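Asker: coordinates only, sequence not included:
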């Protein structure tokens with residue numbers, strides 16, 4: 001038995017350890033940066049769809065399904081695992097949306113056509129919030 005122990009250890013290493021060492025690092029998951037970009041883009045797409053609904057009907061839509069139907073790319077971005085909180089004000093003239101992933105949280109509020117609040121918070125160091133657009137004076 002002692003004579004076969006080194007051979008059994010080499011066979012074990014060849015079958016289980018060596019393939020793990022030489023496996024290429026191709027990952028099928030999104031990077032933190034990609035998840036952050038998708039989170040921000042989902043909020044912007046929801047905002048754009050809400051603006052279109054407001055232009056058409058004179059009120060914002062409180063139904064995420066209606067917004068997804070209007071924007072097919074938004075449906076793909078919802079697979080990132082995002083938490084979306086969408087709340088419409090009384091009369092449908094204002095809304096607030098918060099979109100969060102494990103790396104980024106963004107929020108936007110509108111009253112009528114005007115943006116009254118737009119905020120971003122990075123939840124991981126590897127992701128940065130985009131710089132706000134410079135205000136025109």
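Answerer: Yep, that arrived. Please read all numbers here as calculations on a predicted model, not as lab measurements.
Asker: contacts and neighbour counts: CA atoms only from here.
Answerer: OK.
Asker: if I look at residue 51, how far off is residue 59?
Answerer: 9 Å (CA to CA, to the nearest Å).
Asker: can you check residue 34 too?
Answerer: Distance from residue 34 to residue 59, by CA to CA: 32 Å.
Asker: what's the answer for residue 101, then?
Answerer: Between residue 101 and residue 59 the computed distance is 28 Å (CA to CA).
Asker: please apply the same query to residue 74.
Answerer: Taking CA to CA, one finds residue 74 at 21 Å from residue 59.
Asker: what ranges does the protein have for its strands?
Answerer: In the chain, the strands defined using DSSP state E lie at 83-88, 94-100, 104-111, 114-122.
Asker: contacts only, for the nearest residue to residue 46 once chain neighbours are set aside.
Answerer: Nearest non-adjacent residue to residue 46, counting by CA to CA, 6 or more residues apart in numbering: residue 67, 6.6 Å away. Residue 67 makes contact with 46, 49, 50, 61 under the criterion CA atoms under 8 Å, 6 or more residues apart in numbering.
Asker: residue closest to the middle of this protein?
Answerer: Residue closest to the average C-alpha location in the chain (CA atoms, centre = their mean): residue 39, at 2.7 Å.
Asker: compile the strands of the chain into JSON lines and extend it with columns for mean neighbour count, mean pLDDT and distance to residue 5.
Answerer: As requested, those are exported to JSON lines (neighbours: other CA atoms under 10 Å; pLDDT from 0 to 100; distance: least, CA to CA, whole Å):
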{"stretch": "strand 83-88", "mean neighbour count": "17", "mean pLDDT": "93", "distance to residue 5": "54"}
{"stretch": "strand 94-100", "mean neighbour count": "22", "mean pLDDT": "94", "distance to residue 5": "54"}
{"stretch": "strand 104-111", "mean neighbour count": "21", "mean pLDDT": "94", "distance to residue 5": "52"}
{"stretch": "strand 114-122", "mean neighbour count": "14", "mean pLDDT": "92", "distance to residue 5": "53"}
